[in-house]
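Undergrad: Next comes the sequence, and after it the predicted model I'd like to discuss.
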Amino acid sequence: MGEEVKLFRTWSSRFALRIVWALKIKGIEYETVFEDLSNKSPLLLQYNPVHKKVPILVHNGRPIAESLVILEYIDETWKQAPLLPEDPYERAMARFWAKFGDDKVLTSIWSVFIKQGKEQEEALVAAMENLKFLEEEMKGKKFFGGERIGYVDLALGCLANLISVFEETIGLKIVDEEKLPLFYSWMQNFAEAPIIRDNWPPRDKMLVKFQALLDAAIASSSSS
Amino acid sequence: MADEIILLDLWASMLGMRVRVALAEKGLKYEYREQDLRNKSPLLLEMNPVHKKIPVLIHNGKPICESLIIVQYIDEVWYNKSPLLPSDPYQRAQARFWADYTDKLYELGRQLWLTKGEEQETAKKGFMECLKLLEGELGDKPYFGGQNFGFLDVALVTFSCWFFAYESFGNFSVEAECPKLVAWSKRCMEKESVSSSLEDPLKIHGFVIMMRKELGVE
């Protein structure tokens, strides 16, 4: 039976990127549907009525939403190149770190990017505390998944590119190689890994996008 | 070798109750250790250094944190009794999606009893919208898991003992807005694993009164 796999995404969505990587790592053929979030298609609204967001994976006509849920679905449906470990305790730890990434790490790094002055200093302290936990988790490992890229690497992976975009835009170092040597190495190893390196969104477009977001944030904070 | 299971928890926490329900569903014996979150124990800080929160399950000395992650862990280790997640990957994805969605309910519920005036009204509206969506997902099934009590049932049922508190402070009736959901929660309460794990709604109400005073909401 022919498999029909479609991925609804935007060019820059870091959550959709997780799914691109997972599908390619597993060698799954799929069709990409690019969405304009300012003009959402009827299909997007039909497939994800609850959140109206991307990514959405549609497998043989059935939609799955929420990137971490999609990753587990992909891993359970296509068994080659497993993303999650077999052992239940290791799986629980992987889910924990992915959730930590989404709930705390990404948001704290975003705060460093978008805030100014004293607020930015405080955000950097908070981000460092979070990153130190990841640094600790990297001990003795090349990737969070061990020798191979796994679920946690894909969940945190956007940071390997996004952090450098942020650093270039605001002119501030967020991940210092001396303070976070293991995390810094992971960022390099992950960003340069096969498949990962071929699928980053265009850097020039990213710089333009985030500069615009920063300008808008600065403008609204100085007018309030 | 017998399993050693310890649960670090707070009696009123609906998130902690999820773990209690899951452990009961699997017929597991464990040691319950009540935590004082105003004076966190060395064990809690050691076992959950990242978030310093409950619930934490400690299985043979190894900690697992985050209630839904703990429930999945329990389901995977003790897989041959009362499976909570279905076996089909698509059904599993749906259960996980909606279980994640209940996090939104948790946040809005907190706003409901932590705030007053317009902020509270906004939280109340959002809360009811969430409940209605969940009620839609239940449909005419006896449980969210279909014929059998499952993962999403565990994720949501623990909120039901908080309904009375939410209703009192938010001034609304869950039953009036979501009768099917209330019927479902009563059906769940007929299960020993649920009735023995959920707390008395009146006690929860008292807990919220105390928290509001402590946090200066009154």
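TA: Nice, thanks for sending it over.

Undergrad: which parts of the helix or strand hosting A:Phe100 are buried?
TA: Assigned by DSSP states H and E, A:Phe100 belongs to helix A:88-100. The neighbour-count criterion (16 or more other CB atoms under 10 Å in any protein chain shown) identifies A:88-89, A:91-100 as the buried residues of helix A:88-100. (C-beta placed from N, C-alpha, C; glycine too.)

Undergrad: Show me which of the residues you listed is closest to A:Glu122.
TA: A:Phe100 (19.8 Å; CB to CB).

Undergrad: quick one: contacts for that closest one?
TA: Listed by CB atoms under 8 Å, 6 or more residues apart in numbering or on different chains, the contact partners of A:Phe100 are A:130, A:133, B:50.

Undergrad: which of these count as buried?
TA: For the contacts of A:Phe100, a burial check counting by 16+ other CB under 10 Å picks out A:130, B:50.

Undergrad: Take the buried residues of helix A:88-100 and write them to TSV, including pLDDT.
TA: As requested, the buried residues of helix A:88-100 are exported to TSV (pLDDT from 0 to 100):
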residue	pLDDT
A:Pro88	98
A:Tyr89	98
A:Arg91	98
A:Ala92	98
A:Met93	98
A:Ala94	98
A:Arg95	98
A:Phe96	98
A:Trp97	98
A:Ala98	98
A:Lys99	97
A:Phe100	98
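
Undergrad: what about the strands in chain A?
TA: For chain A, applying DSSP state E gives strands covering A:5-9, A:31-34, A:56-59, A:62-65.

Undergrad: ok so, going back, can you put the buried residues of helix A:88-100 in JSON lines and add distance to A:Gly27?
TA: As requested, those are arranged in JSON lines below (distance: CB to CB, whole Å):
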{"residue": "A:Pro88", "distance to A:Gly27": "27"}
{"residue": "A:Tyr89", "distance to A:Gly27": "29"}
{"residue": "A:Arg91", "distance to A:Gly27": "23"}
{"residue": "A:Ala92", "distance to A:Gly27": "28"}
{"residue": "A:Met93", "distance to A:Gly27": "27"}
{"residue": "A:Ala94", "distance to A:Gly27": "22"}
{"residue": "A:Arg95", "distance to A:Gly27": "24"}
{"residue": "A:Phe96", "distance to A:Gly27": "28"}
{"residue": "A:Trp97", "distance to A:Gly27": "25"}
{"residue": "A:Ala98", "distance to A:Gly27": "22"}
{"residue": "A:Lys99", "distance to A:Gly27": "27"}
{"residue": "A:Phe100", "distance to A:Gly27": "29"}
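
Undergrad: can you count the residues close to B:Lys186?
TA: Other residues lying near B:Lys186 total 10 when counted by other CB atoms under 10 Å in any protein chain shown.

Undergrad: And it, which helix or strand is it part of?
TA: Using DSSP H and E, B:Lys186 falls within helix B:179-189.

Undergrad: could you turn that helix into PDB, dropping everything but the C-alphas?
TA: Below are the C-alpha coordinates for helix B:179-189, written out as PDB (Å, rounded to 0.1, in the frame of the first residue of the first chain):
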ATOM      1  CA  PRO B 179     -22.700  17.800  31.600                       C
ATOM      2  CA  LYS B 180     -21.100  14.900  29.600                       C
ATOM      3  CA  LEU B 181     -17.700  15.600  31.200                       C
ATOM      4  CA  VAL B 182     -19.200  15.600  34.700                       C
ATOM      5  CA  ALA B 183     -21.000  12.300  33.900                       C
ATOM      6  CA  TRP B 184     -17.600  10.900  32.700                       C
ATOM      7  CA  SER B 185     -15.900  12.000  35.900                       C
ATOM      8  CA  LYS B 186     -18.500  10.200  38.000                       C
ATOM      9  CA  ARG B 187     -18.100   7.100  35.900                       C
ATOM     10  CA  CYS B 188     -14.300   7.300  36.500                       C
ATOM     11  CA  MET B 189     -14.900   7.700  40.300                       C
END
